[in-house]
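**Q** Dropping the sequence and predicted coords here.
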Amino acid sequence: MDNLQKEINQYQKTASKSVKIALISCAITLIFAFLSLWILLNQITATANLTKDIRILEQKILEISNNSKME
């Protein structure tokens, strides 16, 4: 009976360690997922700002070229 109880305790310890490892793995995966999402959002924001800047520069170039044609 003692032998059976020792085996059960060992199985419970192993299962407990397995659950801890699985939870740690999930936490690490979530951290990487949030990091990837943050990087993606930063890239989208940077691209949107570049597009805005390009439009402003195009407008300035058009204004300059229109002004030079008028002279």
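**A** Nice, I can see it.

**Q** centroid residue for this protein?
**A** In the chain, the residue lying closest to the centroid (C-alpha atoms, centre = their mean) is Ser36, at 1.8 Å.

**Q** What helix or strand is that one located in?
**A** The secondary structure element spanning Ser36 is helix 2-70 (assigned by DSSP states H and E).

**Q** now that helix, how far from the chain's geometric center?
**A** For helix 2-70, the distance between its averaged C-alpha position and the chain's averaged C-alpha position is 0 Å (C-alpha atoms, centre = their mean, to the nearest Å).

**Q** shaky segments in the protein?
**A** Scanning the chain for pLDDT under 70 picks out the ranges 71.

**Q** who are the neighbours in contact with the residue nearest to the centre of the chain?
**A** Counting by C-beta atoms under 8 Å, 6 or more residues apart in numbering, Ser36 touches no other residue. C-betas here are computed from N, CA, C, even on glycine.

**Q** how close does it get to Gln43?
**A** Counting by C-beta to C-beta, to the nearest Å, the gap between Ser36 and Gln43 amounts to 11 Å.

**Q** again with Glu7
**A** Spatial separation of Glu7 from Gln43 under the definition C-beta to C-beta is 53 Å.
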